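Peer 1: Would you be able to build a 3D model of this:
(chains A and B)
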Amino acid sequence: MALLDDLVVQTALFPLVVGVAAVGVVRLAGGRTRGPRLAAAGVAAAFLAAYALIVGLPALPPPSSMGRLFWSAVAGLVIGVGADLAGLDRRRGTWLLGAWVTASLLWIALPVLPGSLDTITAAVLLLAGGWIALSRTAGESEGAATPGVALLAAAVAVGGVALVGASASVAQLAFALAAATGGLLLWNWPVERHAWGNAGQAALGILVLLAATLTFFSSAHAEALLLVLPAFFADRLRDRLPLPRTAAGRAMGTVALTAIALVPAAAAVGVAFLLSAGSDVSGY
Amino acid sequence: MKRLLATAALSALVALPMTVQAAPVAYKLDPAHTAVVFIVDHLGFAKAMGRFNTVAGELSFDKDAADKSSLSVTIDTTSVDTNHAKRDEHLKSPDFFNAKEFPKMTFKSTKIETTGDKTGKLHGDLTLLGVTKPVVLDVTFNKDGVSPASKQETVGFSARGTIKRSDFGMKYGVPNIGDDIQIIIESEAVKA
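Peer 2: This next block holds a predicted model:
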């Protein structure tokens, strides 16, 4: 078995290494001014590389929802980087990326829309959740660590719910996105070096689209993902912690933030597991 | 002129029995006696087997000129059955058959070549996951006649072939889960 066919390598090691490398390359290529703002683009780039490895490069135009997910992610990365290069402020950037997420979600879900009331409700909840997440990570002076941790926790939740719901490719892709985000976070701990940027928001949008694929085309209990939304408010709890306002304090704050954000992620996976009546998630 | 027309009409009538050929007869696949089975390598240890429990199709069969026959089959991808509920759920997911988006796969014959008295090659277009590709199956005509069980005009055939699932965009798990899919079809069709 070739190394790249190994599930752990595909899902964790490869996207982490590519994430670290891509963030570094973008940072260097962007120079002193643009580099820190564009560096988060490495997350989406690493995700796309992991997608090609795990699922294969889809055809264009894509015949299936999974293919539409990939090309939507490509579009998101281009829009995010373009918005950062154009110097679009975070409020306008969030509106732009929100519009991209909305259009992409509808494109991916096209085969099942308008569908039943359940389908429409799921689409509305996904969009509402996506917009909430985007708005929570759109702070003007925000560095990469806080939104990165929220994305990492949410990606772990999507991966876990997908794994319980027998959709291994979405699970692998979500864990790969988490690993790629880990690559960015490694650059930003203990000292925060990069901004989140619109390119970072694109990575968050990709997670919303993964959740949409899971919701519309698998039997996973995707409704459990609603429980992960508090992960995007975990910084409020971290800010109440009595941590020193020093570099060490900020580094400890990021660790604490990760622990806090992973609680709702674990809750989402746990509820999905209970809803599937303790379904067997082992290999078969 | 009348004599000429009468001669022409008579000639046509005399010639008719010699030029008429047996027309293709319409049959419908009998779901109770139709099996579409697939075999795929599982991690190199052994082959995994599965089948589709809901298959419908129409056969236009010309016994005297098999190359004029045609076949059209629709398979319900949600009916995939590997005797393991959790695996079946996975097979229906976007990783494989993506059954919510593509609940049907279809096969339409395009050409039948005869290779022997009872054998031939069935060429056709298989549409799976929204992708249509040509496939060729080795087909054996087994028997036709009135079935002693159903008392209906029945024709039976077997088909074998191999496709690459990645050709249809089903790339997940390759090569750990094999790319080559062996197909075994056994079917009886009854006169429509």
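
Peer 1: any weak-confidence spans in the stretch 101-250 of chain A?
Peer 2: Low-confidence segments of the stretch 101-250 of chain A, defined by pLDDT under 70: A:139-142.

Peer 1: Close to chain B: what parts of it are there?
Peer 2: Residues of the stretch 101-250 of chain A lying close to chain B (Cβ under 8 Å from any Cβ of the partner chain) are A:111-112, A:165-170, A:213, A:216-219. Heads up, the C-betas are built off the backbone N, CA and C, glycines and all.

Peer 1: Go again with 7 Å.
Peer 2: Those residues of the stretch 101-250 of chain A that sit near chain B, judged by Cβ under 7 Å from any Cβ of the partner chain, are A:111-112, A:166-170, A:213, A:216-219.

Peer 1: Including secondary structure and neighbour count, could those go into a markdown table?
Peer 2: Listed next are those as a markdown table, based on DSSP: H, G, I helix; E, B strand; the rest coil; neighbours: other Cβ atoms under 10 Å in any protein chain shown:
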| residue | secondary structure | neighbour count |
| --- | --- | --- |
| A:111 | helix | 17 |
| A:112 | helix | 18 |
| A:166 | coil | 26 |
| A:167 | coil | 28 |
| A:168 | helix | 23 |
| A:169 | helix | 24 |
| A:170 | helix | 30 |
| A:213 | helix | 31 |
| A:216 | helix | 24 |
| A:217 | helix | 27 |
| A:218 | coil | 27 |
| A:219 | coil | 17 |
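
Peer 1: Can you tell me which of these is closest to residue A:73?
Peer 2: The closest of those to residue A:73 turns out to be residue A:213 (Cβ to Cβ; 11.0 Å).

Peer 1: roughly how far apart are that closest one and residue B:127?
Peer 2: 22 Å (Cβ to Cβ, to the nearest Å).

Peer 1: Strands of chain B, residue ranges please.
Peer 2: Counting by DSSP state E, one finds strands in chain B at the ranges B:25-42, B:46-52, B:55-61, B:70-76, B:80-81, B:104-114, B:119-128, B:131-146, B:153-164, B:177-191.

Peer 1: Any idea how many residues pack against residue 62?
Peer 2: Reading this off chain A. Neighbour count of residue A:62, defined by other Cβ atoms under 10 Å in any protein chain shown: 18.

Peer 1: oops, chain B please
Peer 2: Neighbours of residue B:62 using other Cβ under 10 Å come to 16.

Peer 1: And the pLDDT for it?
Peer 2: As predicted, residue B:62 sits at a pLDDT of 90.

Peer 1: for chain A, what are the nearby residues on chain B?
Peer 2: Residues of chain B lying near chain A (Cβ under 7 Å from any Cβ): B:84, B:86-87, B:89-90, B:93-95, B:98, B:100-101, B:129-131, B:166, B:169, B:171-172, B:175-176.

Peer 1: Show me which of those are buried.
Peer 2: B:87, B:89-90, B:93-95, B:98, B:100-101, B:129-130, B:169, B:171-172 (16 or more other Cβ atoms under 10 Å in any protein chain shown).

Peer 1: Regarding the residue of chain A most remote from its centre, what is its secondary structure?
Peer 2: The C-alpha centroid of chain A is most remote from residue A:244, which lies 29.8 Å away (Cα atoms, centre = their mean). Here residue A:244 is coil, with the state taken from DSSP: H, G, I helix; E, B strand; the rest coil.

Peer 1: what sits against residue 123?
Peer 2: Unless you meant another one, I'm taking chain A. If a contact means Cβ atoms under 7 Å, 6 or more residues apart in numbering or on different chains, then residue A:123 has A:105, A:109, A:113 as its contacts.

Peer 1: let's do chain B instead
Peer 2: Applying Cβ under 7 Å, 6+ apart to residue B:123 gives the contacts B:109-111, B:134, B:136.

Peer 1: Okay, and the beta partners of it?
Peer 2: When assigned by DSSP bridges, residue B:123 has beta-bridge partners residue B:111, residue B:136.

Peer 1: before we move on, back to that, so who does the residue farthest from the centre of chain A touch?
Peer 2: Contacts of residue A:244 (Cβ under 7 Å, 6+ apart): none.

Peer 1: what's the spacing between it and chain B?
Peer 2: 47 Å (Cβ to the nearest Cβ, to the nearest Å).

Peer 1: ditto for residue A:196
Peer 2: 29 Å.

Peer 1: Can you tell me which helices and strands the helix or strand containing residue A:266 packs against?
Peer 2: In this assignment (DSSP states H and E), residue A:266 forms part of helix A:247-275. The helices and strands touching helix A:247-275, judged by 3 or more Cβ pairs under 7 Å, 6 or more residues apart in numbering or on different chains; DSSP states H and E, are helix A:145-164, helix A:234-238.

Peer 1: what's the offset of the shortest one from the middle of its chain?
Peer 2: Here helix A:234-238 is found 19 Å from its chain centre; the criterion is Cα atoms, centre = their mean, to the nearest Å.

Peer 1: Equivalent analysis for the longest one, please.
Peer 2: Helix A:145-164 has its average C-alpha position 7 Å from the chain's average C-alpha position, going by Cα atoms, centre = their mean.

Peer 1: Residue A:153 is in contact with residue A:230, isn't it?
Peer 2: No. Using Cβ atoms under 7 Å, residue A:153 is not in contact with residue A:230; the gap is 9.6 Å.

Peer 1: When these two are compared, which one has more neighbours?
Peer 2: With neighbours defined as other Cβ under 10 Å, residue A:153 and residue A:230 compare such that residue A:153 has more, 27 against 19.

Peer 1: how about the nearest residue to the more buried one, chain neighbours excluded?
Peer 2: residue A:261 (3.7 Å; Cβ to Cβ, 6 or more residues apart in numbering or on different chains).

Peer 1: Check the model's average confidence along stretch B:104-111 for me.
Peer 2: 96.

Peer 1: Could you list the residues in contact with that stretch?
Peer 2: B:70-77, B:122-128.

Peer 1: and with 8 Å instead?
Peer 2: Outside of stretch B:104-111, the residues within contact range by Cβ atoms under 8 Å, 6 or more residues apart in numbering or on different chains are B:57, B:67, B:69-77, B:97, B:122-129, B:134-135.

Peer 1: What's the PyMOL line that selects buried ones from those?
Peer 2: Buried members of the contacts of stretch B:104-111, defined by 16+ other Cβ under 10 Å, are picked up in PyMOL with:
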select buried, chain B and resi 57+69+70+71+73+74+75+77+97+122+124+126+127+128+129+135
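
Peer 1: contacting residues for residue 149?
Peer 2: If you meant another chain, say so; for now it's chain A. A:185, A:234, A:254, A:257-258, A:261.

Peer 1: now do residue A:92
Peer 2: Residue A:92 sits in contact with residue A:83, where contact means Cβ under 8 Å, 6+ apart.

Peer 1: now the helix holding residue A:266, how far from the centre of its chain.
Peer 2: Distance of helix A:247-275 from its chain centroid, counting by Cα atoms, centre = their mean, is 15 Å.

Peer 1: same check, this time on stretch A:219-233
Peer 2: Worked out by Cα atoms, centre = their mean, stretch A:219-233 lies 13 Å from the chain centre.

Peer 1: which parts of that stretch are buried?
Peer 2: Result for stretch A:219-233 [16+ other Cβ under 10 Å]: buried residues A:219-225, A:227-232.

Peer 1: Phi, psi for residue A:195 please.
Peer 2: phi -90, psi 160 (degrees, to the nearest 10).
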